[in-house]
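Q: can you look at this prediction? I've put the sequence above it.
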Amino acid sequence: MRSALPIFAACCLSVLGTTLTAAEPPTRISFQRDVAPLFRSACIGCHSGPEAKGGLDLTNSHAALAKGDDGLRIVPGQPAASPLLDRLLDGSMPPRGKSPRPTVAQIDRVRRWIEQGATWPPQLTLSRYDMTTDRWAGRDWWSLQPIRRPTPPSMPDGPTAANPIDRFVQAKLAEQQLTVNPSVDRRSFLRRVTFDLLGLPPTPGQLENFLADRAPDAARRLVDRLLASPHYGERWGRHWLDVIGYTESDGFEHDKFRPYSWRYRDYVVNSFNSGLPYDQFVRQQLAGDVLPGRSRKSIAATGFLVSGEWDEVQHVGSSKSEMRRAREEELAEMIGTVSGTFLGLTVHCCRCHDHKFDPLPQVDYYRIRAIFDGVDHSRGSKPGNRSILSDAEAREIQQAKVPLIARQKTLNTELGKVRQRLPSEATLKAGSRPEKTLVDGRHGKALNAAHTYATLPSRNSYHQPPLTVECWGLARTRNKFNVFVANNQKSSEHWELYSFTGKGDFTVYMPSYKPATIRSDVVITDGRWHYLAMQFDGKSVRLFVDGKQVRHQAVTRIRQPGPLGTLDLGAYSPEPVGCDGAVDDVRISNIIRPITQAAPKAFTADRHTVGLWNFDAVRSDHFADISRKPGSPDLREARRLENRLTDQLQAVTAQIASLVPPVGYIGFRHQPGATHVLLRGDIKAQGPRVTPRGLSSLADLTGDLGLPADAPEAERRRRFARWVTDRRNPLTARVMANRIWQFHFGAGLARNTSDLGFNGGHPTHPQLLDWLASELIRSGWNLKHMHRLLVLSTTYRQSSATRPKAAQRDADNRWLWRFTPRRLEAEVVRDAMLAVSGELNSTMHGPSVQPFTVTVFNTHFYHLFDSPDARFNRRTCYRANVITGRDPLLDCFDCPSPSVATPQRRTTVTPSQALALMNNSFVLRQARLFADRVRRLASETPGDQADWAVRLALCRPPAHEERTPLANLIRDHGLDHACWALLNSSEFLYSP
């Protein structure tokens, strides 16, 4: 049955038309004023473009007035013959649920427009983006409009707040018939603001100082001290790494570890701490390697562009078409990160078609793609680890190395002459061709393991951990058993370093342990000298090739130590299995000696050296026992001279090593070719060529970068970075102001902080958001200034207590009538436990802590361990953020996966969280250490221990009703249990 509304509308139109005819000539209808708004809001969502529904395109006069398969849809001068009007009258268009129903007046205007000749200015083209509807955002969407600095409202009732933030908030509350909560006490404010700015609990000393400071500006000076703390950068740097989806491994099938990603993390931490203006912070991450005055910091900043996942399998080992698809995915991830992080829009969603909800045409995606088309994660299978030095810095380092290298060469020459006067302590065993015992080595002469080997008695110090074995080895073919160093081959207490037969990779064999064979995936049988090393600490083995760690494997002893045998350098054996290689200098040390990529040109002895051998003084025709003969004065003098030269050489070598250019994971750059729109996102459907540009929908800022299609890669990113931070760009400041608000209050003024488009909705306090954005720009993009404004406001200092009537009106606290209590994030929970136990290692910067061992078998398996070693007690932001090496405790408390950007963390309450706090080995250890700290500070009385435990954990003394039960718990079950209970308490886990 047809609805009564269209029939009623038709009757009204009929009567209305009769009335107009009988009275005076009808008013001339303007298409742009009277008809176009209806077409935009109700029609062109479906009827536009080459795939318009029913073949009817209502975006331009030519298409709309053209004859379709079923004739004309709009017949100028004949409303009754126009199917378009029929569809409006009978209610079939627009379809129910798609758009609001047109009013009778709107339909009448369409009828009169057709009747008057359906005049449509030929130059006027309609777009669904022209105006916002209830289904999509148009160019008039709030976030795309210029930022206007509003005047903070005054309060008609009561005194006007000094902080503009409070005036905006209280005005909104008054509209909702709500009021703010009272302020929290000073202890709670201290705990709240310290966690917010530093991510750590305040110390008892900080609490005492703040409570004793009764000056009017005490809170301001407290905030200034917190913002000056280096822990501020660690806290807010972690927020930023969440936003961009920072990872330290590739993800996907192989999930390889990225050993130099930490350079970008350190850049972020240092940028927050140094107060780097936000606009510079943005520009450096987009184009820091090509900006004027670039430095190692700004170059490291471009690690942002390659901070996400990367699929090695698809990029390296696939067909050309699959590799191209993988490249498109890589660029889509990059564009999504850039647009979401800085612009708060989902530009990557218009890769295959115009955006469904925001005024972003598909061509905008490919214009931005052209900007980043020259940025790569890798070059083939070579990862994106590159020097972060500027050209000037690289030249300075090279010039500084010249005299050091000359001095190193002189010392090596002098040391070689001295060592010719010293005998070797090895016994050489002749092979089948004794005349070829020695060959030219990496440094001087080397032992030709294809024809001989050196053997000497083994010692306990050669196999007892800690142990570091280093040598220079050369192997030519994979089908030989190339042993470089072997200890106790006939005993269970046996280890040997060799290249694995058939594979050619560097391997260690230790039959007393499980697993016995520890293999790297690095092939060394290439006929070149390699610096090989093994570290063994009794629990795990690390292998290094040319200074780079290639394997880390936990091992377990399965056999008891056996008798001592011999240490063999090289391992001659008959054909066809025998060696095809050589071994040069060998050193064994009784410490875990640091291994660096600056491989030593000659090993030197120190107090940790238990064995050091080279073959420079061995004659190829001499195979007798030439073990060390003590005694002669000449020999003693030569030995002293050797030690002195060795010390000098070691110092010079260390200086040279310190001048190695720092490396960061920043990817590679190349000059891109032509960029084309891909129709429907299909790599085989190439559309028109595009030029590098910004977005086309900003009200006061064109996307034109003034670049040709073949512009240099560096210039593309440089100009785009300036476009993003242009003061006329309304998105950049709004997005960051909204983020800062979210991290302080738990939710943004616009709820989706990385999507200020249609799906992100409208902000609850639009004037406040614009005022904050304008204040960020006015302050010189000073983030610390913004923190200070927010945390000193009355709005921030409110109590979190609930009020039933207010909660009934505003259950979600959207109008900010109280401070929303929040659970500490996963990393903050861990860091807070370390802080109250006194075990927090405050070491900043540098390579990430790796609380795992790695097994490589096609993919990389990360095996977690929980170590009490102080190295692993650094703040959690320094933990290696690998995708498959997740920490169960952190996961329980909603620590996000680094494989995705997480601008807003979720907060769940699950049974597994309680179980983790009860049973996790880290939590239990920190509870014991917390108790040990209390014992050191307090007397032995349970009451005094209860006082100290609560002060340390909760930043307050225990209440009267708490003190006695806690003291009883300590007396009956021990201090450890009481400290464990405090770490499990809601008050410890929540910001007040």
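A: Thanks, I have it.

Q: switch to C-alpha atoms for all contacts and neighbour counts from now on
A: Noted.

Q: which stretches of the stretch 101-250 of the chain have low pLDDT?
A: 156-160 (pLDDT under 70).

Q: tell me where the stretch 251-400 of the chain has strands.
A: Assignment of strands within the stretch 251-400 of the chain using DSSP state E, counting those that start in this stretch yields the ranges 375-376, 378-379, 382-383, 385-387.

Q: can you list contacts of the third one?
A: If I follow you right, that is strand 382-383. Contacts to strand 382-383, defined as CA atoms under 8 Å, 6 or more residues apart in numbering, come from residues 377, 665, 667.

Q: okay, now the closest residue to the first one other than its chain neighbours: neighbour count?
A: Just to be clear, that refers to residue 377. Using CA to CA, 6 or more residues apart in numbering and skipping residues adjacent in sequence, the residue nearest residue 377 is residue 667, 4.5 Å away. Residue 667: 21 surrounding residues under other CA atoms under 10 Å.

Q: how about residue 740?
A: Residue 740: 21 neighbours (other CA under 10 Å).

Q: regarding the protein, what is its longest helix?
A: If you go by DSSP state H, the chain has its longest helix at helix 391-419.

Q: what about it, average pLDDT?
A: The average pLDDT within helix 391-419 is 86.

Q: kindly report the same for stretch 83-99.
A: For stretch 83-99, the mean per-residue pLDDT is 80.

Q: mind telling me what element residue 970 is part of?
A: helix 960-973 (DSSP states H and E).

Q: mind listing what's buried in that helix?
A: Neighbour counts using 16 or more other CA atoms under 10 Å place 963, 966, 967, 969, 970 of helix 960-973 among the buried residues.

Q: check stretch 199-210 too.
A: Buried residues in stretch 199-210 (16+ other CA under 10 Å): 199, 200, 201, 202, 203, 204, 207, 210.

Q: show residues contacting that stretch.
A: Against stretch 199-210 from outside (CA under 8 Å, 6+ apart): 187, 190-191, 194-195, 218, 222, 231-232, 235, 828, 831-832, 835-836, 951-952, 955.

Q: now do the contacts for residue 191.
A: 201, 202, 955, 991, 992.

Q: of those, which is the nearest to residue 855?
A: residue 201 (37.2 Å; CA to CA).

Q: what about residue 612, which SS state?
A: For residue 612, the assignment made with DSSP: H, G, I helix; E, B strand; the rest coil gives strand.

Q: ok, and the closest non-adjacent residue to it?
A: Using CA to CA, 6+ apart, the nearest residue to residue 612 is residue 587, at 4.5 Å.

Q: SS state for that neighbour?
A: strand.

Q: my guess is it meets residue 609, correct?
A: Yes: Residue 587 is within contact range of residue 609, at 7.2 Å (criterion: CA atoms under 8 Å).

Q: between the two, who's got more neighbours?
A: Between residue 587 and residue 609, counting by other CA under 10 Å, residue 587 is the more crowded of the two (20 against 17).

Q: show me the contacts for the more buried one.
A: By CA under 8 Å, 6+ apart, residue 587 lies in contact with 469, 470, 471, 603, 609, 610, 611, 612, 613.

Q: 10 Å instead, please
A: 468-472, 533, 602-605, 609-614 (CA atoms under 10 Å, 6 or more residues apart in numbering).

Q: buried subset of those as a PyMOL selection?
A: In PyMOL, this line selects whichever of the contacts of residue 587 come out buried by 16+ other CA under 10 Å:
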select buried, resi 468+469+470+471+472+533+602+603+604+605+609+610+611+612+613+614
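
Q: now flag whichever of the contacts of residue 587 is closest to residue 974.
A: Relative to residue 974, and with distances defined as CA to CA, the nearest of the contacts of residue 587 is residue 468, at 43.5 Å.

Q: wait, what's in contact with the residue nearest the centre of the chain?
A: A centroid search over the chain (CA atoms, centre = their mean) returns residue 246, at 1.2 Å, as the residue closest to the centre. Contact analysis of residue 246 by CA under 10 Å, 6+ apart lists 238, 240, 261-262, 264-265, 303-304, 306-309, 881-883, 897-902.

Q: try residue 900
A: 242, 243, 244, 245, 246, 247, 308, 309, 333, 337, 883.

Q: let's see that with 8 Å instead.
A: 244, 245, 308.

Q: now these: which count as buried?
A: 244, 245, 308.

Q: quick one: low-confidence ranges for the stretch 451-600 of the chain?
A: 501-502, 571-578.

Q: how close does residue 700 sit to residue 763?
A: 21 Å (CA to CA, to the nearest Å).

Q: of these two, who's got more company?
A: Using other CA under 10 Å as the criterion, residue 700 and residue 763 rank with residue 763 on top: 19 against 13.

Q: the nearest residue to the more buried one once chain neighbours are set aside: neighbour count?
A: Spatial nearest neighbour of residue 763, chain neighbours left out: residue 750 (4.1 Å); criterion: CA to CA, 6+ apart. Residue neighbour count, defined by other CA under 10 Å, stands at 24 for residue 750.

Q: and residue 185, by the same measure?
A: 11.

Q: so which bits of the longest helix of the chain are buried?
A: 394, 397, 401, 407, 408, 411, 412, 415, 416, 418, 419.

Q: the fourth one is in contact with residue 650, isn't it?
A: Yep, that's residue 407 we're talking about. No: judged on CA under 8 Å, residue 407 makes no contact with residue 650 at a distance of 11.4 Å.

Q: and for residue 83, nearest residue in space, chain neighbours not counted?
A: residue 73 (5.0 Å).

Q: give me the distance between the one you found and residue 93.
A: 13 Å.
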